[in-house]
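S.K.: Give me coordinates for this.
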Amino acid sequence: MRDGIEVARRGGAAVALVTEVFWPQGDSVAASAGMPDIPRLRLPHPVAGSGEAAMGDVAKSIAARVVAVLRGAASPDNVSQGIR
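M.R.: This is a model prediction of the structure:
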């Protein structure tokens, strides 16, 4: 979350990747940082520590969506769920 917020603050296109377990905390972090609208995509939990193959599978499954959100061709999960 904080990395995505920092990139966005510096004028870069950003999409924060947040696992489903930490989604509520992502909302809180975004709001407390003054960026409640930062685009976010929900990932399965856990990703870290799940092994190289599992992390690769997650990356392959989400990469196209990350690019689409960055290009404005798709809505991030926090928008599509009315959270934004």
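S.K.: Please enumerate the helices of this structure.
M.R.: Assigned by DSSP state H, the helices in the chain fall at 2-9, 23-32, 52-71, 77-80.
S.K.: most tightly surrounded among the ones you listed?
M.R.: Among the helices of the chain, helix 77-80 has the highest mean neighbour count (mean count of other CB atoms under 10 Å), at a mean of 17. Yep, even glycine has a C-beta here, placed from its N, CA and C like the rest.
S.K.: What is the distance between it and the centre of its chain?
M.R.: Taking the mean C-alpha point of helix 77-80 and that of its whole chain, the gap between them comes to 10 Å (CA atoms, centre = their mean, to the nearest Å).
S.K.: Tell me which of the helices of the chain lies nearest to Leu43.
M.R.: helix 52-71 (6.1 Å; CB to CB).
S.K.: Contact partners for Pro76?
M.R.: 15, 39-41, 69, 84 (CB atoms under 8 Å, 6 or more residues apart in numbering).
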